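J.: Okay, predicted coordinates and the sequence, questions at the end:
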Amino acid sequence: MSEKNKSILITGGAGFIGSHVVRLFVNKYPEYQIYNLDALTYAGNLENIKDLESQKNYHFIKADIKEGDVMHELFLEHRFDAVIHLAAESHVDRSITNPNDFIETNVLGTANLLNAFRAAHENSFEGKLFYHVSTDEVYGSLGKTGLFTETTSYDPQSPYASSKAASDHIVRAYGNTYGLPFVISNCSNNYGANQFPEKLIPLFINNIKKSMPLPVYGDGNYTRDWLFVEDHATAIDTIFHEGTLGETYNIGGFNEWTNLNLIKLLCQLMDQKLGRDKGSSEQLITYVKDRAGHDRRYAIDADKINRNLGWKPSVTFEEGLEKTLDWYLANENWLDNVTSGAYQTYYKKMYS
């Protein structure tokens, strides 16, 4: 998708991954009009993208994808040429506690967007694109060997993963049934700046800084593939412009770590940066009851996007982690604000 003067709707653009995607597109493509749609729930924070507010090609829309009528009105008003759909409930623990929130946002919300997109372009899909951003968790759990490929059968194990799997299937069904032009990407665990501290890396950075317990599920030997969020954003950019319609692309960082080894590395690096005695933060590790339905291992085979589109990660895990730690330590006010809920006042101040 390379035509100039596109209007692009990015959903969830005030969230963690979405804010990095919005920033990349606004700054890299001044000829595009970028519309950031976000409901500003607990994980959506306009402080993540306040540097973009003065940009002429950037527009913010506060709305919820669960509201189908609102989506229809927005699409009929703006006739968005493309959608990059990142808005989602994404924390597994929360999905176990309240699965309906995930079904309503991730499944029904995606259907609302597809219906609005289809209605707005019922005469022709020429030059249009619906890009659905998903997760590797739809594939289920791996044993000690093997990798998830784009043809791996779906086997979601949590309410979150199931809701994302359902949304993937719905997008493909609209492509098959209505000819709606789409691409899908499934990514591994992201890390980097602006991530809400319910996720492992920012949670443990915050807890180490405050000398709080570091809760480790089960034996800690759950394995994940880690992807630097800025690399994820460039992969989305690459797929958006060069991907083949109807295709799926797996995006991974080629960085498998067990939770326990990652936590120990975080402790080591934080001790160095905070000037603490070596090994002092490791003493904060506390083993807690395992999470229900905890998948043992995820690992992405990102060979297709590398082979077909030329994308690969730009940083090693160690380089990305250093950047991430430095950002959180330099932005303690941001971390304090989101953990206290004070970030919610930013929207009220700016847009009420």
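T.: Nice, I can see it.

J.: so where do the strands sit in the stretch 201-350 of the chain?
T.: Applying DSSP state E, counting those that start in this stretch to the stretch 201-350 of the chain gives strands spanning 214-217, 223-228, 248-251, 256-258, 285-288.

J.: And those strands: which comes nearest Val107?
T.: strand 248-251 (18.3 Å; C-beta to C-beta). In this view, the C-beta of every residue, glycine as well, is placed from N, C-alpha and C.

J.: chain center to the closest one, what's the gap?
T.: 14 Å (C-alpha atoms, centre = their mean, to the nearest Å).

J.: Just the C-alphas of it, formatted as PDB.
T.: Listed next in PDB are the C-alpha coordinates belonging to strand 248-251 (Å, rounded to 0.1, in the frame of the first residue of the first chain):
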ATOM      1  CA  THR A 248      -0.300 -13.700   7.700                       C
ATOM      2  CA  TYR A 249       3.100 -12.700   9.000                       C
ATOM      3  CA  ASN A 250       4.700 -13.800  12.300                       C
ATOM      4  CA  ILE A 251       6.800 -11.200  14.000                       C
END
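
J.: re the thing from before, relative to Phe117, which of the strands of the stretch 201-350 of the chain is closest?
T.: Distances from Phe117 to each of the strands of the stretch 201-350 of the chain were compared by C-beta to C-beta, and the smallest falls on strand 248-251, at 18.6 Å.

J.: Adjacent strands (with direction) for the closest one?
T.: Strands that pair with strand 248-251, judged by DSSP bridges, come out as strand 182-187 (parallel).

J.: Leaving out chain neighbours, which residue sits closest to Pro215?
T.: Take Pro215 and drop its neighbours on the chain: the residue closest to it by C-beta to C-beta, 6 or more residues apart in numbering is Val288, 4.6 Å away.

J.: Reformat the strands of the stretch 201-350 of the chain into TSV and put mean neighbour count and mean pLDDT next to each item.
T.: Formatted as TSV, the strands of the stretch 201-350 of the chain follow (neighbours: other C-beta atoms under 10 Å; pLDDT from 0 to 100):
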stretch	mean neighbour count	mean pLDDT
strand 214-217	18	90
strand 223-228	23	93
strand 248-251	25	98
strand 256-258	18	92
strand 285-288	13	90
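
J.: So for Lys144, which of those strands sits nearest?
T.: Checking the strands of the stretch 201-350 of the chain against Lys144 by C-beta to C-beta gives strand 223-228 as the closest, at 8.7 Å.

J.: And the contacts of the closest one?
T.: Applying C-beta atoms under 8 Å, 6 or more residues apart in numbering, the contact partners of strand 223-228 are 136, 187-192, 251-259, 262, 296-300, 313-315, 317, 320, 323-324.

J.: Could I get the CA-only coordinates of it as PDB?
T.: These are the backbone C-alpha positions of strand 223-228, laid out as PDB (Å, rounded to 0.1, in the frame of the first residue of the first chain):
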ATOM      1  CA  THR A 223       9.600 -19.400  28.100                       C
ATOM      2  CA  ARG A 224       8.800 -16.400  25.900                       C
ATOM      3  CA  ASP A 225      10.200 -14.800  22.800                       C
ATOM      4  CA  TRP A 226      10.800 -11.100  23.400                       C
ATOM      5  CA  LEU A 227      10.400  -8.400  20.700                       C
ATOM      6  CA  PHE A 228      11.500  -4.800  21.100                       C
END
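
J.: circling back to that earlier point, what's the closest of the strands of the stretch 201-350 of the chain to Asp155?
T.: Using C-beta to C-beta as the criterion, the shortest distance between Asp155 and those is 15.3 Å, found for strand 248-251.

J.: The nearest residue to Gly179 once chain neighbours are set aside - how many residues pack around it?
T.: Setting aside the residues directly before and after it, Gly179 is nearest to Phe125 in space (C-beta to C-beta, 6+ apart), at 6.3 Å. Residue crowding around Phe125 was assessed by other C-beta atoms under 10 Å; the count is 17.

J.: Since that was my last question, I'll sign off now.
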